[in-house]
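1. coords below, sequence missing:
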């Protein structure tokens with residue numbers, strides 16, 4: 001199973017200055033991320049890798065896609081030059097895969113048609129950002145939403161919704 005997991009604001013922002021603009025405002029998001037990616041292989045881009053401190057997350061093997069970082073292999077992570085190579089490594093390991101960002105990597109994954117599920121936390125609010133989710137999921141004909149639940153957060157004026165989208169199966 002290959003998942004794409006993302007937090008996306010109402011104005012499609014996913015990041016600002018290599019961080020989450022809503023950090024600290026959505027306390028359920030990090031535990032949710034940990035639960036959804038536990039024991040998965042994680043595929044991420046360089047900026048995502050740097051934003052988590054350039055160290056593997058506990059209980060997850062990390063595959064980092066970068067053409068500028070040194071190609072390194074460790075027992076807990078590897079740095080490779082392309083998404084295609086990263087996905088091949090993850091498939092060989094025969095574990096569930098979570099693609100955790102960033103924007104360019106998500107776009108490549110969606111275009112390669114390898115995503116089975118999208119686990120989206122919709123952050124209700126407009127944020128300043130310099131990184132955006134690459135597609136409008138609802139207008140894509142590849143996925144359909146099967147589940148939504150609203151989470152109330154710190155203030156009554158701030159909330160988010162968890163959405164689960166599945167790949168549409170097409171028959172010849």
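-> Structure received. Computed from a prediction, not measured in an experiment: that's the story for all the values here.
2. Show me the helices in this structure, by range?
-> For the chain, the helices defined by DSSP state H occupy 29-37, 46-51, 83-93, 103-111.
3. Show me what the shortest one is packed against.
-> Which is helix 46-51. Applying 3 or more C-beta pairs under 8 Å, 6 or more residues apart in numbering; DSSP states H and E, one finds that helix 46-51 makes contact with strand 61-65, strand 97-101. Yep, even glycine has a C-beta here, placed from its N, CA and C like the rest.
4. hmm, try it at 10 Å
-> strand 13-15, strand 41-45, strand 61-65, strand 77-80, strand 97-101, helix 103-111 (3 or more C-beta pairs under 10 Å, 6 or more residues apart in numbering; DSSP states H and E).
5. who's in contact with the residue nearest in space to the middle of the chain?
-> With distances taken as C-alpha atoms, centre = their mean, the residue of the chain nearest its centroid is residue 100 (2.6 Å). If a contact means C-beta atoms under 10 Å, 6 or more residues apart in numbering, then residue 100 has 3-6, 33, 36-37, 40, 42-45, 48-49, 52, 57, 60, 62, 106 as its contacts.
6. Which one of the helices and strands packed on helix 46-51 lies nearest to residue 21?
-> Residue 21 lies closest to strand 13-15 among the helices and strands packed on helix 46-51, at 6.1 Å (C-beta to C-beta).
7. Can you report how many residues neighbour residue 94?
-> 7 (other C-beta atoms under 10 Å).
8. Test my guess that it contacts residue 41.
-> Yes: the pair residue 94 / residue 41 is scored as a contact, 9.4 Å apart, by C-beta atoms under 10 Å.
9. Look up which residues are beta-bridged to residue 64.
-> For residue 64, the beta-bridge partners are residue 44, residue 79 (DSSP bridges).
10. about what we covered before: by mean pLDDT, show me the worst of the helices of the chain.
-> Sorting those by mean pLDDT places helix 29-37 lowest, at a mean of 87.
11. elements contacting that helix?
-> Against helix 29-37 (3+ C-beta pairs under 10 Å, 6+ apart) you get strand 2-9, strand 97-101, strand 117-124, strand 159-167.
12. Compute the inter-axis angle for that helix and strand 159-167.
-> In terms of direction (axes from the mean of the first three to the mean of the last three C-alpha atoms, to 10 degrees), helix 29-37 departs from strand 159-167 by 20 degrees.
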